[in-house]
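Colleague: A structural model of the following input is requested.
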Amino acid sequence: MPTFDNVLVTGNQLIQQDLHVNGNETVQVNLNVNGSQTIQGDLQINGNQSIVNSLATGADVDAGGSLWSNYRVGVSNQPVLPAGGFSLQQIRFFATGAASQAGLMLKGTDGLDYVLFIDVSSGTPSLAIQPA
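Modeller: From the prediction side, this is the model:
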């Protein structure tokens, strides 16, 4: 297998098998990998990256824009109850939504998109839902 200190690709790069990076990887435009991609350091993408199957991370995924999934965005750790008591809260539904509302967008059984967010306008945090 050839070994290079630096590789500069000025056009497209298509990898039919696996890509292993032991340091950091910076992609200025698009990266398409048909096999596996293993990165030991950091991955920074300034363009787009499409993942057909799954993305597994041992830490956080920070997205400066939107993070989309055709199925689920999940958490594998089990939540724990915080110390102290709790108070009963209601879920608030806002029939008209604010444009570009920040929150978790989920598709409803009616096929429409809804945004979940935390409303603290009453002084007590409540789960809120609005149409996207």
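
Colleague: switch to C-alpha atoms for all contacts and neighbour counts from now on
Modeller: Will do.

Colleague: Domains of this structure: list them as residue ranges, please.
Modeller: 14-49, 92-131 (automatic domain parsing).

Colleague: so which of the ones you listed comes closest to Phe86?
Modeller: domain 92-131 (11.2 Å; Cα to Cα).

Colleague: what are the ranges of the strands in the chain?
Modeller: 14-15, 19-21, 25-27, 30-33, 37-39, 43-45, 48-49, 92-93, 104-107, 113-119, 126-131 (DSSP state E).

Colleague: Okay, now the sheet partners of the fourth one, with direction.
Modeller: Read it as strand 30-33. Next to strand 30-33 in the sheet, as set by DSSP bridges, lie strand 14-15 (parallel), strand 48-49 (parallel).

Colleague: mind putting the ones you listed in JSON lines, mean pLDDT, distance to Leu127 and mean neighbour count included?
Modeller: As requested, the strands paired with strand 30-33 are exported to JSON lines (pLDDT from 0 to 100; distance: least, Cα to Cα, whole Å; neighbours: other Cα atoms under 10 Å):
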{"stretch": "strand 14-15", "mean pLDDT": "74", "distance to Leu127": "44", "mean neighbour count": "12"}
{"stretch": "strand 48-49", "mean pLDDT": "73", "distance to Leu127": "32", "mean neighbour count": "12"}
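
Colleague: Out of those, which gets nearest to Ala56?
Modeller: strand 48-49 (14.3 Å).

Colleague: Show me what the closest one is in contact with.
Modeller: When contacts are defined by Cα atoms under 8 Å, 6 or more residues apart in numbering, strand 48-49 is touched by residues Val29, Asn30, Leu31, Asn32.

Colleague: And the third one, what's its pLDDT?
Modeller: What that stands for is Leu31. Predicted confidence (pLDDT) for Leu31: 72.

Colleague: Tell me which residues touch it, please.
Modeller: Contacts of Leu31 by Cα under 8 Å, 6+ apart are Asn12, Gln13, Leu14, Asn48, Gln49, Ser50.
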